[in-house]
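The amino acid sequence is not available; the structure is as follows:
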């Protein structure tokens, strides 16, 4: 019991929102009469919120440095407009156009990172200016009009499914089912290796019953998701992209020197600089990365809409920032995880989806999401004050 209490106390900030996500999903499943967990709706939930998940990953790194990026929605719209000019008007090959768009997104991030990291203009001001500049450039490029349609191969990135018509049994896409089993085995193996590594270096590990319980819950969630997807059309291509990003950025933040430098920069910039970390370079590359992921989100949105529109990306930055804070990131920097940002994005997505199914107006949806964000940050401040008092 003592170990359990210690586990709860030390990990409450990490697991509180995961528990809240489960509660919200169960609540909406009941309130919507079982619609929330239907295979079609689960698939739509992933497709509709893919941009938040992508932006949340990049925004988490920015928030870890103690800053925010207000320009990501406008950058996403700007890249969407460029992609339409390349692919629809100039008939450029999809692969070349996508690569060029990602490079332009990285250059946009480098432009903003230069002013923030080397000229030392506050990130709030630089990215606010970027929000205005790139929204204006989007309007200039599109001339206030919508450009469409894209090639089907490009649309597939946002709307397509991986081997949807291959190997079906009883109406289930077995590729998705097998993927769930493989991911479960991989997770169990990685969890085992992590525990062995912690024991090797005499780190404290969780009690065995809690470890087994946590593993069982995550494995069950993975397989319930993949079976649900299998009952519709299988695994969305954009979900494969998101899972790859989660794996890559989790590895970067937790297992690499670059990741530790980002956390150190956000924890205490002066101390990080004195310890030999090139803080300006770290800050610069964080914004380059944010520009790259904003470009990727813009491409996904354009592919899903099958059009580039002047109003695309509106309020994307607010969704991404809210997802990170709801997922446990600290406004002061230095605290937060990729998985936390994903959980926060899913909380926002489930709230949007559930309230839409129930017929709640957009005005009330905005108000409720604002209250959820405020409650999450208040909880962060409360738990931090408690830990400091102890």
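Arrived safely, thanks for sending. Treat the numbers as computed from the prediction; the structure is a model and nothing was measured.

for this protein, what spans make up the strands?
161-162, 168-169, 172-173, 235-236 (DSSP state E).

Which neighbouring elements make contact with the last one?
Right, the one you point to is strand 235-236. On a contact count with 3 or more CB pairs under 8 Å, 6 or more residues apart in numbering; DSSP states H and E, strand 235-236 meets helix 39-48, strand 161-162, helix 174-200, helix 208-230. All C-beta spots, glycine's among them, are computed from the backbone N, C-alpha and C.

What angle do helix 174-200 and the last one make with each other?
In this structure, helix 208-230 runs at an angle of 160 degrees to helix 174-200, with axes from the mean of the first three to the mean of the last three CA atoms, to 10 degrees as the basis.

Just want the most central residue of this structure.
Closest residue to the average C-alpha location of the chain: residue 53 at 2.7 Å, with CA atoms, centre = their mean.

I figured that residue was touching residue 242, is that so?
Yes: using CB atoms under 8 Å, residue 53 is in contact with residue 242, at 5.1 Å.

follow-up on the earlier one: I'd like the distance between the residue nearest to the centre of the chain and residue 245.
8 Å (CB to CB, to the nearest Å).

Check residue 156 too.
Distance from residue 156 to residue 245, by CB to CB: 18 Å.

in the stretch 251-390 of the chain, which ranges drop under the pLDDT threshold?
Applying pLDDT under 70 to the stretch 251-390 of the chain picks out residues 384, 386-390.

all helices of it, in order?
Assigned helices in the stretch 251-390 of the chain, in chain order: 257-267, 269-274, 279-305, 316-326, 338-357, 362-389 (criterion: DSSP state H, counting those that start in this stretch).

who wins for proximity to residue 225 among the ones you listed?
Proximity to residue 225 (CB to CB) singles out helix 338-357 among the helices of the stretch 251-390 of the chain, at 11.1 Å.

Just the buried residues of that closest one, please?
Neighbour counts over helix 338-357 (16 or more other CB atoms under 10 Å) mark 338-355 as buried.

try stretch 206-219
Quick answer for stretch 206-219 (16+ other CB under 10 Å): 206, 218, 219.

Which one of the residues you listed is nearest to residue 100?
residue 218 (38.6 Å).

For burial, what's the neighbour tally of residue 160?
When neighbours are defined as other CB atoms under 10 Å, residue 160 has 17 of them.

Leaving out the residues flanking it, which one is nearest to residue 78?
Leaving aside its chain neighbours, residue 78 sits nearest to residue 134 (4.2 Å; criterion: CB to CB, 6 or more residues apart in numbering).

My guess is that neighbour contacts residue 77. True?
Yes: if you go by CB under 8 Å, residue 134 and residue 77 touch, sitting 7.2 Å apart.

which of those two has more neighbours?
Legend: neighbour count by other CB under 10 Å for residue 134 and residue 77, higher for residue 77 (29 against 24).

Tell me which residues touch the closest residue to that one other than its chain neighbours, please.
With CB to CB, 6+ apart as the criterion, residue 77 has its nearest non-adjacent residue at 3.6 Å, and that residue is residue 313. By CB atoms under 8 Å, 6 or more residues apart in numbering, the residues touching residue 313 are 72, 73, 74, 75, 76, 77, 80, 138, 298, 301.

Inside helices: which ones of those residues?
72, 73, 74, 75, 76, 77, 80, 138, 298, 301 (DSSP state H).

Looks like the fifth one contacts residue 312 (just checking).
Yes: look at residue 76 against residue 312 with CB under 8 Å: they come within range, at 6.8 Å.

Please enumerate the shared neighbours of the two.
With CB under 8 Å, 6+ apart as the test, residue 76 and residue 312 both reach 298, 301.

Among the two, which residue is more densely surrounded?
Legend: neighbour count by other CB under 10 Å for residue 76 and residue 312, higher for residue 76 (32 against 24).

Excluding residues flanking it in the chain, which one is nearest that one?
Closest to residue 76 by CB to CB, 6+ apart is residue 298, at 3.4 Å.

how deep is residue 98 tucked in, by neighbour count?
Neighbourhood size, residue 98 [other CB under 10 Å]: 20.

got a list of what the spatially closest residue to it that is not a sequence neighbour touches?
Computed as CB to CB, 6+ apart, the closest residue to residue 98 that is not its neighbour in sequence is residue 299, at 6.3 Å. Residue 299 sits next to 79, 80, 83, 98, 101, 102, 157, 158 when contact means CB under 8 Å, 6+ apart.

Residue 227 against residue 179, yeah?
No: between residue 227 and residue 179 there is no contact under CB under 8 Å: 10.5 Å.

So those two - more neighbours on which side?
Between residue 227 and residue 179, residue 179 has the larger neighbour count (other CB under 10 Å), namely 21 against 15.
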